[in-house]
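Visitor: could you look at this predicted model? Sequence included:
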Amino acid sequence: MFDDKFNENDDKTLKIANEREKIKDKMTSKLKALDFTDDEIKSVLHIIFITEGKIEALKSSLIGTNINNDDPTPAMASVISQIKQLQIDMAEDIQKKINEIIALKNK
């Protein structure tokens, strides 16, 4: 039973990772269609990489919040809020970076 639950969580994690890779691949294809160079594409994807690291750090900060804590909900709500903000900021930063690159190409 424990093994089934563990494998189920692994499957979910793997599925999420695969979806993220698909999104990155799709973005790469779209940027290539806009004649972005490999370095320009890497600079856009780097924004995602950095944000993913920040999100993982926030998730890790929740480890143990349910120990000696009657209600871990406020801590979880705070982290979820911070993650949502990071995602919004990432989307804005990606768009800014793409616009910067396009502007430089049009000079």
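Guide: Right, received. Where do you want to start? Numbering: from 1, shown residues only.
Visitor: can you give me the buried ones in the least confident helix or strand in the chain by mean pLDDT?
Guide: For the chain, counting by mean pLDDT, DSSP states H and E, helix 2-33 ranks last in confidence among helices and strands (a mean of 80). Of all the residues in helix 2-33, those buried under the rule 16 or more other Cβ atoms under 10 Å are Met27, Thr28, Leu31. Where you see a C-beta, it was placed from the backbone N, CA and C, and this is true even at glycine.
Visitor: same check on stretch 69-85?
Guide: Val79.
Visitor: contact partners of that stretch?
Guide: Ile55, Leu58, Lys59, Ser61, Leu62, Thr65, Asn66 (Cβ atoms under 8 Å, 6 or more residues apart in numbering).
Visitor: ok, now with 10 Å
Guide: With Cβ atoms under 10 Å, 6 or more residues apart in numbering as the test, stretch 69-85 has contacts from Thr51, Lys54, Ile55, Leu58, Lys59, Ser60, Ser61, Leu62, Gly64, Thr65, Asn66.
Visitor: excluding its backbone neighbours, what's nearest the fourth one?
Guide: It refers to Leu58. Distance criterion Cβ to Cβ, 6 or more residues apart in numbering; nearest residue to Leu58, sequence neighbours excluded, is Val79 at 5.0 Å.
Visitor: what's the spacing between the one you found and Leu34?
Guide: 35 Å (Cβ to Cβ, to the nearest Å).
Visitor: circling back: make TSV from the buried residues of helix 2-33 and add distance to Arg20 to it.
Guide: Compiled in TSV, those are given as follows (distance: Cβ to Cβ, whole Å):
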residue	distance to Arg20
Met27	11
Thr28	13
Leu31	16
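Visitor: which one of those sits closest to Asn106?
Guide: Asn106 lies nearest to Leu31 out of these, by Cβ to Cβ, at 15.4 Å.
Visitor: roughly how far does the closest residue to the closest one other than its chain neighbours sit from Asn18?
Guide: Spatial nearest neighbour of Leu31, chain neighbours left out: Ile41 (4.9 Å); criterion: Cβ to Cβ, 6+ apart. In this view, Ile41 and Asn18 are 20 Å apart by Cβ to Cβ.
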